[in-house]
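Asker: Structure here, sequence nowhere to be found:
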C-alpha cells in the first residue's frame, strides 16, 4: 500500500510540474498564449539525428499550414473598436482603455481589405522553411527532380506555396515545379465531412468545457483596467465577449507588420493569458483531438489525407529520383493529422480536460502559423527494399507510436501496416 501511495504521489507531482512548465513558458513568451495565432518560431532542434549508415534522404512528403495572416472576420476588428469607441464617446474609458482603442483602430486600418490574407511575415516564414528543408536534405532537391505542390483554394495557402516554391527554385533553378490549387483535390486536402463535424460538440462536451473554463477565464479585472464606470460595464458591455476578442486581437499582433511597433499583451496579466490559453487549448482538443467526450474520432477527418500521403509515397518510392510532394492548407488539417498519426503522443484520448497540459497536449507546439509535418524518406539506393522514414513536426524530430530499432527512423513497411489498419478499422466501424 505504501509503495502504491508513493507511486501515485510521484505521478501527481510529475503532472503538476508539467502543468506549471506550460504556465512558465507562456509567462516567458506571451506569444505562445495565442495558440494557432503563434507566429512560426522555427525549429528548436539545430542538428538532426544522422541517418543509419549507408542511408540517404531521397523523398519528402509534406503537409504545411499557411504562414502568418490577418484575422479572418471583419467583426474581429470591428467589435472591439465599436465597443470601446462607444464607451469613449461617453467618457467611460480609463487612459489605458483610450490607448487600447487607439491601437485597435490602427490594427483595423492595417487589415482593411486584407481579411485572412498572408502577411509579409507569413511569406517570409515559408521562404525560411524552404531554405532549411533544402539545406537539411540537399539530396532530395538535387538536379532536375520534380517538386509537386498542391494548395487548398484559399489565397493565403496558395501564396504560402508559391513563396516556398520560389525559394526552392532560387536555390536550384533546375527543379521541375508543378503547382496547383483546385477543388479537384479538396477531398483530401481539406475534406468536408459534415457527419463527423456534427459530432464535435455534443452537450456533454460543451458542459465539460464550460466547467473547465470556470475559474480559469477571468475578464472583470481587465474591464476595470479599461473602463472607469462599473455600472456602465455591468449594463452595457458583454465582458466575456470583449475580453476574448481583445485577447484574439492581441494574439494576432505578432503576425502583423504593426507587431514591430506595438503589442496588446500588456493589457493582460500573465495569469489571464494563461487562462485564455487553457480555454483555447481545451476547445481545440475537443474539436480536433481524440477527445472521448465526442467519441474520440475527430482526427479521422484527415483519413483521406493520410491515405493520399501513403499512396503518393509508395508511387514515389518506385522512382529513382522522386523529389518532393508538398501540400499547403490550414491548422484544421495539421492538428487532426498530427493526432491521427499520434505524433509525440498527441493522439492522447481522454475526457478529462484538466489533464491535457499535464499529459503534454499543448496546442502551440503543434500548429503555429506555418506549422508543417515533413515525412523524410531514406534508403541506400533505388533498389533498397527497406525504406526508412523520419517524421518532423515543425522541423523537429518527432516520435510515432511504432516500434523501431532505429528511432527516430521507422521502417516504411511498419508505418504503412500500422496506419492502414487504423484507417481500415475506422472505415469498418462507420460502415457498420
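Answerer: Ah, there it is. The shown structure was predicted, so the numbers you read here are calculated from the model rather than taken from an experiment.

Asker: Spit out the contact partners of the nearest residue to residue 360 once chain neighbours are set aside.
Answerer: Here the nearest residue to residue 360 in space, its sequence neighbours aside, is residue 345; by CB to CB, 6 or more residues apart in numbering that works out to 5.7 Å. For glycine as for every other residue, the C-beta is placed from the backbone atoms N, C-alpha and C. Residue 345 makes contact with 359, 360, 361, 399, according to CB atoms under 8 Å, 6 or more residues apart in numbering.

Asker: Neighbour-wise, which one of these leads?
Answerer: Neighbours were tallied for each of the contacts of residue 345 (criterion: other CB atoms under 10 Å), and the maximum of 25 neighbours falls on residue 361.

Asker: State the three-state secondary structure for the residue lying closest to that residue once chain neighbours are set aside.
Answerer: Distances taken as CB to CB, 6+ apart put residue 348 closest to residue 361, at 5.1 Å, once the chain neighbours are dropped. What DSSP: H, G, I helix; E, B strand; the rest coil gives for residue 348 is coil.

Asker: wait, doesn't residue 348 sit right on residue 292?
Answerer: No - Residue 348 is beyond contact range of residue 292, at 10.2 Å (criterion: CB atoms under 8 Å).

Asker: For this structure, which segments count as strands?
Answerer: Applying DSSP state E to the chain gives strands spanning 56-65, 146-151, 176-181, 323-329, 372-379, 388-393, 396-397, 409-411.

Asker: Tell me which of those is the most buried.
Answerer: For the strands of the chain, the stretch with the most neighbours on average is strand 323-329, a mean of 25; neighbours defined as mean count of other CB atoms under 10 Å.

Asker: pLDDT averaged over it - what is it?
Answerer: Throughout strand 323-329, pLDDT has a mean value of 98.

Asker: Strand partners (parallel or antiparallel) of that strand?
Answerer: Looking at strand 323-329 with DSSP bridges, its partner strands are strand 56-65 (parallel), strand 146-151 (parallel).

Asker: Please identify which of these is closest to residue 320.
Answerer: strand 56-65 (8.6 Å; CB to CB).

Asker: partners of the closest residue to residue 48 other than its chain neighbours in the sheet?
Answerer: Taking CB to CB, 6+ apart, and ignoring the residues beside it in sequence, residue 48 has residue 397 as its nearest neighbour in space, at 6.0 Å. Beta-bridge pairing of residue 397 under DSSP bridges involves residue 392.

Asker: show me the residues around residue 178 that make contact.
Answerer: By CB under 8 Å, 6+ apart, residue 178 lies in contact with 146, 147, 148, 149.

Asker: pLDDT at it, what is it?
Answerer: For residue 178, the model assigns a pLDDT of 98.

Asker: need the contact list for residue 116.
Answerer: Applying CB under 8 Å, 6+ apart, we find residue 116 in contact with 69, 70, 71, 72, 154, 155, 156.

Asker: Need the phi and psi values for the second one.
Answerer: Translated: residue 70. Geometry field for residue 70 lists phi and psi as phi -80, psi 160, criterion degrees, to the nearest 10.

Asker: ok, now how distant is the nearest residue to it once chain neighbours are set aside from residue 257?
Answerer: Distances taken as CB to CB, 6+ apart place residue 111 nearest to residue 70, at 4.4 Å, with adjacent residues excluded. Applying CB to CB, to the nearest Å, one obtains 10 Å for the distance of residue 111 from residue 257.
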